[in-house]
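S.K.: missing the sequence, but the structure's below:
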DNA sequence: ATTATCAGTTAACTAAAGGTTACCGGTTAC
DNA sequence: GTAACCGGTAACCTTTAGTTAACTGATAAT
């Protein structure tokens, strides 16, 4: 009975945590952007460069998604002193913490393809 | 150069895997339902019982989500010989494989709350 | 002057996810 | 026969996510 109460309480917290995670990392573009930044971590990733290389994303979506990633401390935005002005985006140390998460999603997804077909 | 090609290839597969996972487990209700079935795994979880206990879900959504979980082999559906007819839903052995995934989402989400506030 | 580049923004739209209400067929209790 | 319970379904509506296309302001090259 006590166990059940605690289980229900943590269950709620857990559902909230899952909702948070999906809200912050979900959608069509967020993880694509994060993975791209990570794969090109040694380069200077400007807005236009990211837009060219992340397949099919529009300026509007890229702008919006980068802003959200920034407010969640997953990427940094730095205006460079170039002409014309360029802006450099980079994954943060903390941003690297999403990759263990995506790794399990990748593994489950790959395994599920096998299972279903 | 060859490394880069392989990295890009697996990157695509990985993005597909992530898309699959999010498609199958994502949305407002799927993981809530899975966790509920798992938390009440020793009980007979009928449609109405689940609807009463999964907070706020409508018959339409519950029906739709359970169908999708069933086609993905994550839950089973069994019509019981009662009057009126009841239908019992249960998580499958394979369905248990989602919990390592949700676990990382939970942990990341909980940690992120700490980080942000 | 015109054109081009960069980093966006704005507005108008379409598509997808989810919610609401009413209802169906079958069965049983009153 | 009528009301209630179960497991849904159908039609309609709202909200959210994502797309498209045109535009801005600053700078620089032709």
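M.R.: Noted; the coordinates are in hand. Here the structure is a predicted model, which is why all the values come from computation and not from measurement. Residues are numbered from 1 along each chain as shown, chains lettered A, B, ... in the order given.
S.K.: for chain A, what spans make up the strands?
M.R.: Secondary structure of chain A (DSSP state E): strands at A:45-46, A:75-80, A:86-91.
S.K.: in CSV: those strands, plus distance to DNA strand C.
M.R.: For the C-beta atoms, the positions are set from N, CA and C on the backbone; glycine is no exception. Formatted as CSV, the entries for these read as follows, by distance: least, CB to the nearest atom of the strand, whole Å:
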stretch, distance to DNA strand C
strand A:45-46, 3
strand A:75-80, 6
strand A:86-91, 3
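S.K.: of the ones you listed, which approaches DNA strand D most closely?
M.R.: Of all the strands of chain A, the one in closest proximity to DNA strand D, counting by CB to the nearest atom of the strand, is strand A:86-91 (10.5 Å).
S.K.: tell me the buried residues in the closest one?
M.R.: Across strand A:86-91, burial judged by 16 or more other CB atoms under 10 Å in any protein chain shown covers A:88, A:89, A:90, A:91.
S.K.: and stretch A:21-31, by the same measure?
M.R.: Residues of stretch A:21-31 classed as buried by neighbour count (16+ other CB under 10 Å): A:21, A:22, A:24, A:25, A:27, A:29, A:30, A:31.
S.K.: closest one of those residues to DNA strand C?
M.R.: Closest to DNA strand C out of those is residue A:22 (9.4 Å), distances taken as CB to the nearest atom of the strand.
S.K.: check contacts around the closest one.
M.R.: The contact partners of residue A:22, taken as CB atoms under 8 Å, 6 or more residues apart in numbering or on different chains, are B:22, B:26, B:105.
S.K.: ok, now with 10 Å
M.R.: When contacts are counted by CB atoms under 10 Å, 6 or more residues apart in numbering or on different chains, residue A:22 is found next to B:22, B:25, B:26, B:27, B:28, B:31, B:105, B:109.
S.K.: for chain A, give me the ranges with low pLDDT.
M.R.: A:1-9 (pLDDT under 70).
S.K.: what residues does it put near DNA strand D?
M.R.: Contact residues (CB under 7 Å from any atom of the strand) of chain A with DNA strand D: A:27, A:28, A:29, A:56, A:57, A:58, A:59, A:60, A:61, A:83, A:84, A:85.
S.K.: what about the fourth one, distance to residue A:29?
M.R.: Yep, that's residue A:56 we're talking about. As for residue A:56, its distance to residue A:29 is 9 Å (criterion: CB to CB, to the nearest Å).
S.K.: tell me the residues of chain A that contact DNA strand C?
M.R.: Residues of chain A found near DNA strand C, taking CB under 7 Å from any atom of the strand as the criterion, are A:46-49, A:59-60, A:63-64, A:66-67, A:77, A:84-87.
S.K.: again, 6 Å this time
M.R.: Residues of chain A lying close to DNA strand C (CB under 6 Å from any atom of the strand) are A:46, A:47, A:48, A:59, A:60, A:63, A:84, A:85, A:86, A:87.
S.K.: bridged to the residue nearest to the third one when sequence neighbours are not counted, which residues?
M.R.: In this structure, residue A:48 finds its nearest non-sequential neighbour in residue A:86, 7.7 Å apart by CB to CB, 6 or more residues apart in numbering or on different chains. According to DSSP bridges, the partner residues bridging residue A:86 are residue A:80.
S.K.: need the contact list for residue A:86.
M.R.: Applying CB under 10 Å, 6+ apart, the residues contacting residue A:86 are A:44, A:46, A:47, A:48, A:49, A:78, A:79, A:80.
S.K.: so the last one makes contact with residue A:45?
M.R.: Spelled out, it's residue A:80. No. With contact defined as CB atoms under 10 Å, residue A:80 and residue A:45 do not form a contacting pair (11.2 Å).
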